[in-house]
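Novice: Here is my input; please provide its structure:
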Amino acid sequence: MPASHLSTHADLPEWAVIAACVMALASFVLLLVELRRRERGGVLVTATGTVALVALLLSIARPVRVSASESVVGAWVVVLADTSRSMALPDGPSPRSKARDQAIDALTRTKDVRFTLLGFDDGAPKPFAKVAPLGSRSDLTAALRAIEAAPEERPEAIVVVSDGRWNDPPEGAAKDVKNILRVPIHAVATTRAAPADASIRAVTAAGAAVAHVPLPLRIEVGCAGGLACDELTVTARELHHDGAPTLLASGLAHVKSTSALGGDDKGGAAVVELPITLERAGVRVVEVALSGATGDVIPDNDRRLVTFNVARERVRVLHVAGRPTNDVRALRQWLKGDASVDLVAFFILRTPTDNVNATQDELALIPFPVDELFSEHLPSFDAVVLQDFDAQPYGLEQHLPELAAYVRSGGGLVMVGGPNSFVSGGYANTPLAEVLPVHLDASKGAAAADPAPFVPEWTAIGRDVPMLGPLRNVVAEELPQMPGANVLEDARPGALVLWSDPKRRTKSGAPMPVLAVSDVGNGRAIALGVDGGWLLDFSDLGTRTGGRAHGAFWDGLLGWLMRDPRFEPAQVEIPDCVAQSAEGGAHAHGNDPKHDTSVPVPKLIVRTAAHQKADLTIDVTQMDGASDPIHIERKDIDLGSPIELELPPLAAGGYSALLKVGDGPATRRDFACEVGGDEWADSRPDVERLRAIADATAGSFRFADDAASLALPKATVVSTERHVAPLAPPWLWAFLAALCVGAHWYARRRSGLS
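Specialist: Residues are numbered from 1 along each chain as shown. Below you'll find the model as predicted:
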């Protein structure tokens with residue numbers, strides 16, 4: 001806009017103008033001192049002296065009129081709004097995000113300031129939106145470094161609107177933040193006081209989780225907002241895909257508030273040590289929960305769901321064989337030769353009906369400890385191999401229900417054929433038969449074995465499954481002739497037949513299964529209806545392949561049984577699963593928990609080694625069965641790149657995702673969904689951290705309801721088309737100064753002054 005103003009001449013430096021003004025002021029003061037004792041003529045001398053001083057100043061300054069088109073450029077201020085999940089925590093009847101948004105609205109009404117609104121949570125800041133999914137972390141340091149590294153001009157100030165509960169910078173690191181941008185950082189606190197809340201603030205484990213090895217958990221329990229937490233019960237349970245949770249450990253936490261110790265009521269904390277033992281390898285979900293707090297306004301953070309990727313120190317295998325055959329010896333030697341396998345093997349060298357012509361005391365063989373193995377030590381094994389073993393003569397029959405339950409709870413089972421296996425071993429119509437991948441004929445006089453030699457035939461699925469990939473790499477699709485097979489019926493629903501007998505049919509007319517696999521609850525089972533696996537090594541085929549086929553075959557089967565990722569048909573990832581709050585409106589942007597836009601959409605990422613197109617199905621079930629299963633189907637999906645699938649909103653809890661690609665075996669991935677995760681673990685605002693950062697960077701601090709009073713940088717005035725016009729020529733200013741000085745001299749003379 002056009003504007004004009006008076007100024008001194010351009011060739012006069014500013015210091016000269018200041019010096020002239022100071023000298024004129026000093027002269028005027030001396031004149032007043034000189035006239036204090038004069039009785040007459042004082043008014044005239046003072047007036048002429050003042051006019052003379054002004055005329056001298058004007059002759060020095062030579063004022064000009066400056067006309068220009070001026071525009072006001074507001075200072076650039078970046079507002080960093082906290083968009084982490086802690087903004088969904090309650091602040092009275094509303095979430096903290098409401099106070100944040102109101103503070104931003106008040107700030108942006110400030111005139112002559114250029115605002116850039118960014119949201120920060122994890123990583124670089126993003127354009128701020130009031131209604132958007134909230135992040136899993138609050139990293140202010142990363143946001144400031146991203147602004148510093150940006151090619152744009154540096155802002156004149158930063159305004160941080162948050163509750164102060166950040167992952168980074170940590171407490172006491174305000175000076176580190178000062179050195180990033182070196183501009184004032186103003187802090188606006190969304191929350192004044194901590195809510196009445198008891199929570200599990202942290203769950204940490206000492207070391208890696210190893211199956212069958214005790215794992216100490218360190219659990220920090222906090223209490224704030226005046227809540228009474230003298231004694232809280234803390235429990236750790238393992239959640240299961242099929243069955244009730246298993247109690248792993250429990251303890252008591254005694255939390256004393258700081259007010260009870262004579263300080264401010266900032267809450268208190270206690271640490272509980274709970275040792276747990278996870279018996280199964282793979283991904284396991286452990287729920288750590290507390291109870292006993294009355295008046296807790298945030299019940300969602302009373303439990304944490306921790307996912308452990310449990311490793312195996314060694315695969316612990318129980319190998320029970322009915323007699324020392326070539327097949328038994330070959331499998332035992334392979335198991336013993338694998339350094340990753342901890343083998344416990346039992347061979348039945350004589351039966352109760354054998355006539356050895358000797359007393360029991362003269363025999364060196366120990367009795368088969370069937371009761372001890374299958375009652376006490378069964379959970380300690382990762383897999384059980386029953387090879388050509390008759391269940392009835394050795395007392396195993398009474399333990400078959402426990403063995404079936406072991407498989408359903410996560411164990412692995414392999415039944416290998418032979419004269420005393422499957423139907424002839426007495427397993428038909430038993431609880432163990434229910435977990436085998438194939439049906440067994442329990443009718444009277446049913447055929448138990450077919451001695452006719454045959455060469456197993458690969459099924460279409462058998463050619464594609466990764467578990468038989470090592471074997472196919474060695475033998476292609478060539479297999480040795482088998483000396484007969486156990487008679488097996490059709491595969492159970494969900495089971496996969498990998499080899500079949502091309503000469504024999506089941507009662508339904510389908511080719512008889514020879515090798516079949518299936519998922520059973522949390523565990524897996526394999527049925528191998530031949531006892532000629534040793535021929536993979538000791539045959540013409542074995543000679544041509546260098547004796548590598550037998551090991552490759554069992555490496556794939558045992559690896560699939562133990563859920564080795566190499567032998568899974570696909571990999572399932574859940575980057576960040578956030579559950580909907582059971583409380584609804586107090587923890588969301590709106591009042592309807594079903595439409596909580598603060599929660600990101602849970603996603604599954606599927607990766608496969610295949611590159612062809614196939615159908616894909618995923619079934620997601622909650623472990624406690626509290627919500628309905630989710631079924632997703634995608635037809636003719638290109639498997640050459642990662643596949644991202646969105647899930648509907650999920651409630652807090654443990655889940656299992658069962659993935660099937662085409663007709664192949666299923667891949668299961670257990671995962672957990674929490675409402676707030678780490679961001680809700682400690683609901684106390686950290687006002688002192690906000691104050692510290694503002695003080696360290698020469699900024700100011702306000703609460704959200706007073707955000708409009710922040711002292712933001714002033715605007716800059718930019719002038720264009722500038723024109724300078726002198727008010728009078730220099731000689732005229734000099735003439736007027738001389739005239740005024742002469743008049744003053746005359747007045748002084750008339751009054752008797754020199």
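
Novice: Sketch out the low-pLDDT regions of the stretch 451-600 of the chain for me.
Specialist: The stretch 451-600 of the chain contains residues with pLDDT under 70 at 582-598.

Novice: go again using 80 as the cut-off
Specialist: For the stretch 451-600 of the chain, applying pLDDT under 80 flags the ranges 580-599.

Novice: mind listing the helices in it by residue range?
Specialist: Using DSSP state H, counting those that start in this stretch, the helices of the stretch 451-600 of the chain run over 460-464, 469-475, 540-544, 549-561.

Novice: If you drop the residues flanking it in sequence, what lies closest to the residue nearest in space to the middle of the chain?
Specialist: Taking Cα atoms, centre = their mean, the centroid of the chain lies closest to residue 576, which sits 4.8 Å from it. In space, and not counting its chain neighbours, residue 576 is closest to residue 136: 5.6 Å by Cβ to Cβ, 6 or more residues apart in numbering. The C-beta positions use only the backbone N, C-alpha and C, and glycine is treated the same way.

Novice: residues in contact with the one you found?
Specialist: Applying Cβ atoms under 8 Å, 6 or more residues apart in numbering to residue 136 gives the contacts 84-85, 121-122, 576, 578, 677-679.

Novice: okay, residue 207: pLDDT?
Specialist: pLDDT, residue 207: 82.

Novice: Could you chop this structure up by domain?
Specialist: Domain assignment for the chain by automatic domain parsing gives 2-71+718-750, 75-192+685-714, 197-310, 315-561, 570-680.

Novice: Kindly check the end-to-end length of stretch 524-532 for me.
Specialist: 23 Å (Cα to Cα, to the nearest Å).

Novice: So what would you say the end-to-end distance of stretch 451-464 is?
Specialist: End to end - Cα to Cα - stretch 451-464 spans 29 Å.

Novice: Can you point out the buried residues in it?
Specialist: 454, 456, 458-459, 461-462, 464 (16 or more other Cβ atoms under 10 Å).

Novice: hang on, isn't residue 536 packed against residue 553?
Specialist: Yes. With contacts counted by Cβ atoms under 8 Å, residue 536 reaches residue 553, the gap being 5.8 Å.

Novice: Give me the common contacts of these two.
Specialist: In contact with both residue 536 and residue 553: residue 471, using Cβ under 8 Å, 6+ apart.

Novice: List the residues that contact residue 488.
Specialist: Residue 488 touches 422, 438-440, 506, 512-514, 516, 527, 529, counting by Cβ under 8 Å, 6+ apart.

Novice: Also residue 343?
Specialist: Taking Cβ under 8 Å, 6+ apart as the test, what residue 343 contacts is 317, 319, 332, 335-336.

Novice: hmm, which of those residues are the buried ones?
Specialist: For these, a burial check counting by 16+ other Cβ under 10 Å picks out 317, 319, 332, 335.

Novice: Bridged to residue 223, which residues?
Specialist: Applying DSSP bridges to residue 223 yields these beta-bridge partners: residue 198, residue 268.

Novice: circling back: export the contacts of residue 136 as CSV, with columns for distance to residue 652 and secondary structure.
Specialist: Below are the contacts of residue 136 laid out as CSV (distance: Cβ to Cβ, whole Å; DSSP: H, G, I helix; E, B strand; the rest coil):
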residue, distance to residue 652, secondary structure
84, 18, strand
85, 13, helix
121, 20, coil
122, 21, coil
576, 14, coil
578, 9, strand
677, 10, coil
678, 14, helix
679, 14, helix
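
Novice: So among these, where is pLDDT lowest?
Specialist: Within the contacts of residue 136, residue 576 has the lowest pLDDT, namely 83.

Novice: separation between it and residue 308?
Specialist: Look at residue 576 and residue 308: by Cβ to Cβ, to the nearest Å, they are 17 Å apart.

Novice: One more: residue 532?
Specialist: 40 Å.
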